[in-house]
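> need a structure here:
(one chain, ligands or ions: 4)
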Amino acid sequence: MTTHHSQIIDHHEGDEDLCNLSKNSHLNQVIERRMSRRHLLKGALSSAMLGFISPAFATTERPAFSAQRLGFEAVKISSADQVIVPKGYQVQTLIPFDSPLPHPTEKNLKIGSHHDGMHFYPIHQGHNEGLLVLNHEYVEPRFMHPHYHGLTLSANAIKLNQQGLRPLNEVKAEMAAHGVSVVHIKRNAQGEWQTVEDKLNRRIDATTTMFISGPVRAHDLVKTAFSPEGTSARGTLNNCAHGVTPWGTYLTCEENWAGYFYNPGAQPREQSRYGVRKEKSSRYAWEKTDSHDSIFTRFHCEAFADSAEHDYRNEPNTFGWVVEIDPFNPESTPIKRTALGRFAHEGVVFQKPQAGQPIVCYMGDDARFEYLYKYVSDAPFQPGESGGELLDQGTLYAARFHDNGKGEWLALTFGQGLLTPAHGFHSQAEVLVNTRLAADRVGATKMDRPEWGAVHPQNGEVYFTLTNNHRRTEEQTDQANPRAQNRWGHIIRWRESAKHALEFDWDIFLLAGDEQDSAFANQPLDQTNKFNSPDGLWFDLEGRLWIQTDMSESVLNQGDWAQFGNNQMLVCDPLSQTIKRFLVGPVGQEISGITSTPDGKTLFVNVQHPGATTRAEDYAKGEFTSHWPQGQGTPRSATLVISKRDQGIIGT
Ligand code: FEO
Ligand code: CA
Ligand code: CA
Ligand code: CA
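Residues are numbered from 1 along each chain as shown. Ligands and ions are numbered 1, 2, ... in the order given. Got it, this is the predicted structure:
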């Protein structure tokens, strides 16, 4: 195969680069610190920052669940190309990338790639049958297109043909591998889970038509040649984590969508603040496809025509949202819920809904120095009646963490404070399209890459992972982001103030890292539980906190990171303050996505991008760091099904 005339574009890895260039002060520049950083890291998390859970809390609110909590033996760190679970557990692999999704009439449905956020919806209230709904975050072209073999391609490189274009078939396959899968699964008599042919099985991808709802609907900023009225859009991209609404629909969250767009010209603020690409091409160069169909050309988002209704200058404004999907209605059109803001959405987690009260949910913007958000609906929740309209009218807030353990929610409401025409905002729609800029203006706290959140099922405490941030300098540290060059990440926690819904109390629940540089319950982590770069986070019904790691493939098994082995999953019991490693995944992947059957006896976990550590020169020789799950050939993302051999509850 000759490669002399083809061109390879190699972008940096999937995490987007720094976008927050606002002069918004870092907290420690304006607030005198209550404690020195040194004090904090030496274990003083105890009284002040790790303090608000009183001992009484642990005894009075302990639910009467399984007597045994974390009764299993911790799994050891591993660098093997296999999935390791504790003794007494078994694991099955399900729905790898590109496997058939059986449907009675649509015969070519396939499972997407890069499995991420996921939820199990029981069918017939059962524990043995349901719809598994999961996100497909992105793709790795070199593992999809066989003729790439022999080329020196790194994980995010794409190949252009002699005309400097991408072949149509490749781009179509990549767009189809994005989005969301709805998969009917069932456990057979032998205890194995299988896909079931069903008309509910569905693929939503980068081309699916969606409605735009909420304050941004029909605004000038979302008018395109596809939808001159600004009421619909095509596709969902980089679907990372997810949410489940109080009325049972699925929310999929658009994370690093900005890199899918290319504009070498003058970028408006709603592109530049999010990191739309300026150089060479978008991440996958879909805009360079050998076709004039706007389904591809829209990714080049310069203003070409006389008005926004005749080009795709606004196409990026139709991404960066939370999208609602009804998995039990295959004919339903997904809805982009704009009231929840536009940023690099990781996921959405809800407080337990209360009849007659507004719904409350929390979201993170996963980029360095971005923010944590809360949304509160205007209307109250009425069980059996309320639905997605609660996501269309409400107040979006950004979080400010004060160094004294108090925090406040800052409303991103047009007309309040600096969110006025004098400061460049003319409507709530403009505030929402430019959510990051609005949060800059109100003075939210710049965080170390917010990833997943989880709400404690019994006490409503909110936990969020802050995965890492090597760019934070000593001067930029504050109590909520206390480490300079935060390589290991941490988990923050807050509890809403009962007396004032716009205030909260917070602490740092855990500082991840090695035996020297970590802290949990006044102790450093040890061989049984050390980890870094927390990402996925989930509470099971008994209040065990599951933590999934995502050490980037650029550091995995290298330098200081080698001591942590492959990416892993741990489980933590906040009541007894114990934490144990439960699972280690194969080579080059991250663990992402977790859900269970309602009885807690079957756990579904995703393995994303195995083999992503494959170096370009090894790829050229046909060698991969992982052959998981097939044991040969190209590695594939897939779902794990985990159960206890004694049929017990997982984690006991
Ligand atoms: Fe898609 Fe922030 O992980
Ligand atoms: Ca993630
Ligand atoms: Ca990742
Ligand atoms: Ca991550």
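> Report the contact partners of the residue of the chain found nearest ligand 4.
Nearest residue of the chain to ligand 4, counting by CB to the ion: Asp550, 3.6 Å away. Where you see a C-beta, it was placed from the backbone N, CA and C, and this is true even at glycine. By CB atoms under 8 Å, 6 or more residues apart in numbering, the contact list for Asp550 reads 451, 467, 533, 535-536, 567, 590-592.
> tell me the phi and psi of Val133?
Dihedral angles phi and psi of Val133 (degrees, to the nearest 10) take the values phi -110, psi 130.
> And for it, the neighbour number?
25 (other CB atoms under 10 Å).
> what bridges to it?
His119, Val182 (DSSP bridges).
> in stretch 563-574, what's buried?
564-574 (16 or more other CB atoms under 10 Å).
> chain center to it: distance?
18 Å (CA atoms, centre = their mean, to the nearest Å).
> Is it in proximity to ligand 4?
No: legend: contact between stretch 563-574 and ligand 4 by CB under 5 Å from the ion is lacking; minimum distance shown is 9.7 Å.
> Quick one: mean pLDDT over that stretch.
Stretch 563-574 shows a mean pLDDT of 98.
> Low-confidence bits of the chain, can you list those?
Applying pLDDT under 70 to the chain picks out residues 1-6, 11-17, 23-65.
> Residue numbers of it in contact with ligand 1?
137, 240, 255, 346, 366, 451, 535 (CB under 6 Å from any ligand atom).
> rerun that using 8 Å as the cut-off
Contact residues (CB under 8 Å from any ligand atom) of the chain with ligand 1: 14-15, 116, 137, 238, 240-241, 255-256, 344, 346, 366, 449, 451, 467, 535, 550, 592.
> Filter those residues down to just the ones in strands.
116, 240-241, 346, 451, 535, 592 (DSSP state E).
> when you check ligand 4, which of those residues turn up near it?
Asp535.
> Nearest to ligand 1 among the ones in strands among the residues of the chain next to ligand 1?
Cys240 (3.4 Å; CB to the nearest ligand atom).
> and the closest one, what does it touch?
Applying CB under 8 Å, 6+ apart, the residues near Cys240 are 116-117, 135, 137, 253-256, 345-347, 366.
> mind listing the helices in the stretch 1-150 of the chain by residue range?
For the stretch 1-150 of the chain, helices defined by DSSP state H, counting those that start in this stretch occupy the ranges 37-39, 55-60.
> My error: substitute the chain in the last question.
Counting by DSSP state H, the chain has helices at residues 37-39, 55-60, 168-176, 269-272, 294-297, 428-433, 435-442, 616-620.
> Figure out which of those helices is closest to His219.
helix 428-433 (3.9 Å; CB to CB).
> now what about the closest one, what contacts it?
In contact with helix 428-433 (CB under 8 Å, 6+ apart) are residues 214-216, 219, 221-222, 270, 317, 338-339, 341-342, 396, 412-414, 419, 424-425, 438.
> can you give me the strands for the stretch 551-652 of the chain?
In the stretch 551-652 of the chain, the strands defined using DSSP state E, counting those that start in this stretch lie at 568-573, 578-584, 590-596, 602-608, 638-644.
> For Ala444, find the nearest of those strands.
Going by CB to CB, the one of these nearest Ala444 is strand 590-596, 26.0 Å.
> From ligand 3, how far off is Asn20?
Applying CB to the ion, to the nearest Å, the value for Asn20 to ligand 3 is 19 Å.
> can you check Leu525 too?
In terms of CB to the ion, Leu525 sits 22 Å off from ligand 3.
> Could you find the closest non-adjacent residue to that residue?
Ser518 (4.2 Å; CB to CB, 6 or more residues apart in numbering).
> For that neighbour, grab the count of nearby residues.
21.
> what do you get for Thr549?
26.
> shouldn't it be in contact with Lys530?
No: the pair Thr549 and Lys530 fails to qualify as a contact (CB atoms under 8 Å) at a distance of 10.4 Å.
> Now do the shared contacts for these two.
The contact lists of Thr549 and Lys530 share Phe564, where a contact means CB under 8 Å, 6+ apart.
> Which residue is it, in the stretch 301-450 of the chain, that comes closest to ligand 1?
Counting by CB to the nearest ligand atom, the stretch 301-450 of the chain gets nearest ligand 1 through Asp366, at 3.5 Å.
> That residue against Gly320, yeah?
No: using CB under 8 Å, Asp366 is not in contact with Gly320; the gap is 11.9 Å.
> Common neighbours of the two, please.
Both Asp366 and Gly320 are contacted by 344-345, under the criterion CB under 8 Å, 6+ apart.
> any idea how far Gln68 lies from ligand 2?
For Gln68 relative to ligand 2 (CB to the ion), the value is 30 Å.
> ok, how many other residues are close to the nearest residue in space to that residue that is not next to it in sequence?
Closest residue in space to Gln68, ignoring its immediate chain neighbours: Thr652 at 4.3 Å, by CB to CB, 6+ apart. Around Thr652 sit 17 other residues, with neighbours defined as other CB under 10 Å.
> same thing with Leu18?
For Leu18, using other CB under 10 Å, the count is 12.
> and if you look at Gly543?
When neighbours are defined as other CB under 10 Å, Gly543 has 19 of them.
> Ok, Gly633 next?
Based on other CB under 10 Å, the number of other residues close to Gly633 is 10.
> circling back to that earlier point, tell me the contacts of the residue nearest to Gln68?
66, 68-72, 644 are the contacts of Thr652 under CB under 8 Å, 6+ apart.
> 7 Å instead?
66, 68-69, 71 (CB atoms under 7 Å, 6 or more residues apart in numbering).
> Name the nearest residue to Met175, sequence neighbours excluded.
Ala206 (3.9 Å).
> Buried subset of the contacts of helix 428-433 as a PyMOL selection?
The buried subset of the contacts of helix 428-433, as determined by 16+ other CB under 10 Å, is captured in PyMOL by this line:
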select buried, resi 214+215+216+219+221+222+270+317+338+339+341+342+396+412+414+419+425+438
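> Report the separation between the residue of the chain found nearest ligand 2 and Gln479.
Using CB to the ion, the closest approach of the chain to ligand 2 is made by Asp535 at 4.3 Å. Asp535 sits 22 Å away from Gln479, going by CB to CB, to the nearest Å.
> for Asn404, same thing?
Where Gln479 is concerned, Asn404 sits at a distance of 8 Å (CB to CB).
> now Ser272
31 Å.
> Determine which member of those two has the greater number of neighbouring residues.
The residue with more neighbours, out of Ser272 and Gln479, is Gln479; 24 against 16, by other CB under 10 Å.
> Could you give the number of residues near the spatially closest residue to that one that is not a sequence neighbour?
With CB to CB, 6+ apart as the criterion, Gln479 has its nearest non-adjacent residue at 4.3 Å, and that residue is Asp403. Neighbourhood size, Asp403 [other CB under 10 Å]: 19.
> And for the one 5 residues further on?
By the measure other CB under 10 Å, the count of residues near Glu408 is 18.
> pretty sure it is in contact with Glu503, am I right?
Yes: using CB atoms under 7 Å, Glu408 makes contact with Glu503 at a distance of 5.5 Å.
> List the contacts of Gly588.
553, 556, 609-614, 625-626.
> mind running it again at 8 Å?
553, 556, 566, 609-614, 625-626, 635.
> Make JSON lines out of those and add distance to ligand 3.
Putting the contacts of Gly588 into JSON lines (distance: CB to the ion, whole Å) gives the following:
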{"residue": "Glu553", "distance to ligand 3": "8"}
{"residue": "Leu556", "distance to ligand 3": "11"}
{"residue": "Asn566", "distance to ligand 3": "14"}
{"residue": "His609", "distance to ligand 3": "7"}
{"residue": "Pro610", "distance to ligand 3": "12"}
{"residue": "Gly611", "distance to ligand 3": "14"}
{"residue": "Ala612", "distance to ligand 3": "9"}
{"residue": "Thr613", "distance to ligand 3": "12"}
{"residue": "Thr614", "distance to ligand 3": "16"}
{"residue": "Thr625", "distance to ligand 3": "16"}
{"residue": "Ser626", "distance to ligand 3": "15"}
{"residue": "Pro635", "distance to ligand 3": "15"}
